[in-house]
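[1] no sequence on this one, just coordinates:
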């Protein structure tokens, strides 16, 4: 291999190494964003599971209630159901935003 070929080869290898290093940095950044999004979503999932457990508990109380108490408990049960639905929608939107950020 003559000096010119060696120079071209060395330059090519240097450029490829730089590209790989840049790619590694971008990949690390993407993984960090994914980890951050995963942490946020995990917190929201935990909150959603807590709301679900609270609703199950209210429903169990509702089932045990007498006729008059049943009417008093019903609005609270309906509100808890609405809260659970809102929390789920927030989680879904947060998940979609997180996925969108990963594609940027």
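    Received it, and whenever you're ready, just let me know what you need. None of these values were measured; they are calculated from a predicted model.

[2] determine the longest helix present in this protein.
    Using DSSP state H to define each element, the chain has its longest helix at helix 3-64.

[3] and the helix or strand that comes right after it, what does it pack against?
    Downstream of helix 3-64, the next assigned helix or strand under DSSP states H and E is helix 67-102. Contact partners of helix 67-102 among helices and strands, from 3 or more Cβ pairs under 8 Å, 6 or more residues apart in numbering; DSSP states H and E: helix 3-64. From N, CA and C alone the C-beta is placed, and that goes for glycine too.

[4] give me the distance from the helix it packs on to the chain's centre.
    9 Å (Cα atoms, centre = their mean, to the nearest Å).

[5] and the angle from it to helix 67-102?
    Inter-element angle recorded for helix 3-64 and helix 67-102: 180 degrees (by axes from the mean of the first three to the mean of the last three Cα atoms, to 10 degrees).

[6] what mean pLDDT does helix 3-64 get?
    Across helix 3-64, pLDDT averages out at 88.
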